[in-house]
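Enquirer: Just a sequence and a predicted model for now, questions to come.
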Amino acid sequence: MQIQENPVHHEPCCSLGTSSEAQSVGSAKAGPHKYKRLCLFLIKPSKYDDEGYVIRYWKGVLPSNTLSCLNGLSEDVRRRGVLGKNLEWEISLIDDTVQGIPYKKIIRENHRAGTKTVICLAGVQSNQVPRAADIAMKFRKAGIDVLMGGFHVSGVMATLPDLSPELVILRNAGVSLSAGEAEGGRWEQMLSDAMHGRLKPVYNFLNDLPDISKAPFPRINPKHQKHYALQHFGTLDCGRGCPFGCSFCTVINVQGRKMRFRDVELLIKTVREGYRSHQISHYFFTDDNFCRHKNWETILDRLIGLKEKEGIPFHFMMQLDTQAHTVPNFVEKAARAGCRQVFIGMESLNQENLKAAKKNQNDIEDFKKLVDSFHEVGIVCHLAYIIGFPLDTQESVKQDIEKLMSFGAGQASFFMMTPLPGAMDYKNALAKGMLLDADLNNYDTFHETHRHPRMKPGEWLAAYEAAWKTFYSTENMKKILYRDLKGDNYWGIFSNFMWYKNSIDVEGGHPMISGFFRLKERLERRPGYPIESRWVYFKRRFWDTLLSTKGRWKLALELEEVWLATRRRGPLEQKVISEIARLTQCAKEWRNLRTSELLNLYQKAATALEKKNIYRFRIPSRFQIWMNKQNLFSLRLTFTREPLQRFWDNVRVSWNRGELLRINYIHIFLVTIEESVLFVRFILSILISGIFLRKH
């Protein structure tokens, strides 16, 4: 499985191709055109939610590698003057998930004398097709040229004999469809065709994959980066393709099973310049399987040099297969090079499911060793798991998630099995008439698109949602952070919890298409849904905001509980806390214990630690312990919010019963102070950790 801007869909690093008809790079230079200025808009479409609103956020998480790739290719064409030495260029990157599309401005620019406007809908995945089609039609009605590429177009043309109905509609409306990749002179060819008014209805270069060894690299746009929460985070593809033959994967039919690779020297140069020019210090290598890159060792050695010799604080995450830990020296060198996280497609814990999906490289007996191998060197394992294989049931999924958690992975992502154009599963499902959902907007791996053989309608979705809640429960998050991982991973994992829990519990969407603080434009709604009046819309948004605010507050308290239980403490304090936790539930508030009891616990803890040859500890005096109990700002032994929560629950019960005189208002005042101190300390810990800065 490959993780890209959206889950499972395997977006190519740059999915725009050229025609298999007679074309050559040289023809891009043939004849002058009439334009003095080119306005090129590279747009990555979003998708619609179940209420018809565009999924858009104030801040995103993962920048689009497709946009960066096309930006790099466009800058290369501009620099070489292929379309005219004096042509004025304006290249704009728009990620629909974090930016509104300025339709009026773009149409107005197109009307300027001597200006050519071209729209490129890039990296369009199947669930984004309805949104992409609506964007394309608006621009086509204004007479603007529109190109559309991505895994949906490429997947349909790679596995089906004819264009699918939605692509036929777009082609007939004048949208140029592009299948394949844009390197090898194809991007400049299509731009040249646009400038000369000869865009073809279909460009197909799937049968001739380009050499990417010397191709221009993805190019960062600093202005565009500001739309993401982590502006020091970038994406790069070091290679493309995958040698395996998983039936649900689209990569092998679009990017090929023969792997192709970028030049190592250019890769290192890009990383170095990215840091020096734009302070990009963290990358996601989007390769479907980095450990199968023939130059993986050279790349890691050079990255080690960047860190250790040039002092560049470089970190990265990458995608691997389940046999990566068996590659000699791979795990150790990855850690030295700055790898913080690996994304691994575990997919299922049922060997028969894996066999049916032709994922024969996965051996469930080896999964625990796989996770341990990376954790031993301080690399967090992020496991991908697909729910909805033919042999799955609600009960088996529940048992599998429990087993998955026992591996000790720091993160997991769950997906519903979805046949996607470009995968053999889709071709087979189409032939068998299995697909029940004709709406491509739902092909996002968190909707039921077909009938499951062993789960009734609704049970499949329930099993999927339960998997998220189980893995990201408070107790499991505590277990993950309790683990003594080597390296500075605590806040890195904690920040992932913030992202994922916000997506699941507050935003109500899959983390890989979610950002922070949902936006909804009243007038930008899917055709077929009514445009609400201002008053109706205001009421909807008011309640949405109220519910999301409540959800964020609840989430903050849950994460505070996780932090209290797992934050770094000295061995003596940790031992005392362990002793307190063994006492009765009502005594978990350490301030409820007598001073003598606390002193006794300190003495027992110090003795136990000294027997293990841990250095002698200075035990606080009876007076110091008493002072700490009275000091609401002393939180050394506070390891849970449970006593505070019980107090508020009791106050609420008394209030609801009308027993106002039984409420201890002085205690309310004191607990409010303690709660406030706790929360401020929690927020300060996050800020001081630097998880939003370049150190993570």
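Expert: Perfect, thanks for sending it.
Enquirer: distance of the residue nearest in space to the middle of the chain from Tyr53?
Expert: Among the residues of the chain, the one closest to the centroid is Met512, at 3.6 Å (C-alpha atoms, centre = their mean). Distance, Met512 to Tyr53, by C-beta to C-beta, to the nearest Å: 19 Å. Every C-beta, even on glycine, is put in place using the N, C-alpha and C of the backbone.
Enquirer: same deal with Tyr472?
Expert: For Tyr472 relative to Tyr53 (C-beta to C-beta), the value is 25 Å.
Enquirer: between those two, which one's more packed in?
Expert: Tyr472 (22 against 19; other C-beta atoms under 10 Å).
Enquirer: pretty sure the more buried one contacts Ile504?
Expert: Yes: between Tyr472 and Ile504 there is a contact under C-beta atoms under 8 Å: 6.4 Å.
Enquirer: Tell me where the model's unsure across the protein.
Expert: 1-31, 484-488, 584-588, 614-615, 692-696 (pLDDT under 70).
Enquirer: Can you check which helix is longest in it?
Expert: helix 534-566 (DSSP state H).
Enquirer: And that helix, what's buried?
Expert: For helix 534-566, a neighbour-count test (16 or more other C-beta atoms under 10 Å) marks 537, 548, 551-552, 555-566 as buried.
Enquirer: Now do that helix: which elements does it pack against?
Expert: helix 474-482, helix 490-501, helix 665-689 (3 or more C-beta pairs under 8 Å, 6 or more residues apart in numbering; DSSP states H and E).
Enquirer: Quick one, which of these gets closest to Ile220.
Expert: The minimum distance between Ile220 and these falls on helix 490-501, with 21.5 Å, by C-beta to C-beta.
Enquirer: List of residues touching the closest one?
Expert: Defining contact as C-beta atoms under 8 Å, 6 or more residues apart in numbering, one finds that helix 490-501 is touched by 61, 340-341, 380, 410-411, 472, 477, 480-481, 485, 511, 514, 555, 558-559, 562-563, 566, 568, 686, 689-692, 696.
Enquirer: and with 6 Å instead?
Expert: Arg340, Gly410, Gln411, Tyr472, Met477, Pro511, Leu555, Ser689, Ile691, His696 (C-beta atoms under 6 Å, 6 or more residues apart in numbering).
Enquirer: Relative to Val653, how far out is the fifth one?
Expert: The one in question is Met477. Counting by C-beta to C-beta, the gap from Met477 to Val653 is 29 Å.
Enquirer: Neighbour count: the two, which is higher?
Expert: Met477 (25 against 11).
Enquirer: Trp563 is in contact with the more buried one, correct?
Expert: No: in this structure Met477 lies outside contact range of Trp563 using C-beta atoms under 6 Å: 9.9 Å.
Enquirer: Pretty sure Leu354 sits against Asn362.
Expert: Yes: with contacts counted by C-beta under 6 Å, Leu354 reaches Asn362, the gap being 4.9 Å.
Enquirer: Look at those two and report which has more neighbours.
Expert: Asn362 (24 against 21).
Enquirer: Looks like the more buried one contacts Asn353 (just checking).
Expert: No: Asn362 lies out of contact with Asn353 (C-beta under 6 Å); the separation is 9.7 Å.
Enquirer: Strands of the stretch 201-350 of the chain, start to end?
Expert: 202-204, 233-236, 239-240, 260-261, 282-285, 315-320, 339-347 (DSSP state E, counting those that start in this stretch).
Enquirer: Leu519: which of these is closest?
Expert: strand 233-236 (20.8 Å).
Enquirer: Who does that closest one pair with, and is each partner parallel or antiparallel?
Expert: With DSSP bridges as the test, strand 233-236 is paired with strand 282-285 (parallel).
Enquirer: ok, and for stretch 87-101, which residues are buried?
Expert: Buried residues in stretch 87-101 (16+ other C-beta under 10 Å): Leu87, Ile91, Ser92, Leu93, Ile94, Asp95, Asp96, Thr97, Val98, Gln99, Ile101.
Enquirer: Same check on stretch 602-615?
Expert: Taking 16+ other C-beta under 10 Å as the criterion, stretch 602-615 shows Tyr602, Ala605, Ala606, Leu609 as buried.
Enquirer: Which of those sits closest to Gly239?
Expert: Leu609 (50.2 Å).
Enquirer: Centre of the chain to the helix or strand containing that closest one, how far?
Expert: Taking DSSP states H and E as the definition, Leu609 sits inside helix 595-611. Taking C-alpha atoms, centre = their mean, to the nearest Å, the mean C-alpha location of helix 595-611 is offset from the chain mean by 45 Å.
Enquirer: tell me what it is packed against?
Expert: helix 571-581, helix 622-630 (3 or more C-beta pairs under 6 Å, 6 or more residues apart in numbering; DSSP states H and E).
Enquirer: what residues does the longest one touch?
Expert: By C-beta under 6 Å, 6+ apart, the list of residues contacting helix 571-581 from outside reads Trp590, Leu601, Tyr602, Ala605, Leu609, Phe617, Arg636, Phe639.
Enquirer: what is the orientation angle of that helix with helix 595-611?
Expert: 130 degrees (axes from the mean of the first three to the mean of the last three C-alpha atoms, to 10 degrees).
Enquirer: How about helix 571-581, which residues are buried there?
Expert: Leu572, Glu573, Lys575, Val576, Ile577, Glu579, Ile580.
Enquirer: buried stuff in stretch 196-214?
Expert: Buried residues in stretch 196-214 (16+ other C-beta under 10 Å): His196, Leu199, Lys200, Val202, Tyr203, Asn204, Phe205, Leu206, Leu209, Pro210, Ile212.
Enquirer: Check the offset of that stretch from the chain's centre.
Expert: For stretch 196-214, the distance to the chain centre is 29 Å (C-alpha atoms, centre = their mean).
Enquirer: Can you give me the end-to-end span of it?
Expert: By C-alpha to C-alpha, to the nearest Å, the extent of stretch 196-214 from end to end equals 28 Å.
Enquirer: ok so, going back, would you verify that the residue nearest to the centre of the chain is located in a strand?
Expert: No: judged by DSSP: H, G, I helix; E, B strand; the rest coil, Met512 forms no part of a strand; its state is helix.
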